[in-house]
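1. A predicted structure for the sequence below; I have some questions about it.
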Amino acid sequence: MRDKRCDVIQTLENVGLNKTPHRRTVLEILINTDRPLSASDVLKRNFGKKKINKVTVYRILSTFKKEGIIREVPNARGIKHYEMACRHNPIHPHFHCSVCKTMTCLSPLTLSNALEWFAKPYDFIVEDISVNITGVCNRCRGKE
């Protein structure tokens, strides 16, 4: 889990979004998790807190992605997961367990440096870098 985290209110203010209760709730869930979450995961973690429906969660996630607050991380089956896109959470690879369907963040590689590498000599504009590994986690292999 990341040691430092973004502030919910400041994050929304930085991109000029209204600080609605639903946006604050979804952002708080994403800030306080140690792995990418699907929209369904966000709904499950919100259980009993604020009344929020699936369409609202998808709309909020779409807005956050458009504003650069979060990154979209698709798994091998095409299900989209979301994580914070901030200085506390640099670009990194992910491991997706094909049995339990969980996605785990792996240690950052030098992928964030790739942005600079692509931008200077080649004059590319990199919009996304994604490294996802699929397999079976230790828990599902019975090694935990």
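-> Nice, thanks for sending it over.

2. all strands for this structure, in order.
-> Counting by DSSP state E, the segments of the chain that form strands are 70-74, 80-84, 94-97, 103-105, 132-135.

3. Give the rounded mean pLDDT of the third one.
-> For strand 94-97, the mean pLDDT works out to 87.

4. who's in contact with that strand?
-> Strand 94-97 is touched from outside by 36, 73, 75-76, 81, 102-106, 131-137, 139-140, with contacts defined as C-beta atoms under 8 Å, 6 or more residues apart in numbering. Bear in mind the C-beta positions are built from the backbone N, C-alpha and C, glycine included.

5. Can you pull the poorly scored residue ranges out of this structure?
-> Filtered on pLDDT under 70, the chain yields the residue ranges 1-3, 47-48, 109-129, 143-144.

6. Okay, helices next: where are they in it?
-> 8-14, 21-31, 39-45, 54-66, 111-119 (DSSP state H).

7. how about the second one: buried residues?
-> Of the residues in helix 21-31, those buried by neighbour count under the rule 16 or more other C-beta atoms under 10 Å are 22-31.

8. what is the orientation angle of that helix with strand 80-84?
-> 90 degrees (axes from the mean of the first three to the mean of the last three C-alpha atoms, to 10 degrees).

9. for the fourth one, same thing?
-> Orientation note: helix 54-66 sits at an angle of 60 degrees relative to strand 80-84 (the same axes, to 10 degrees).
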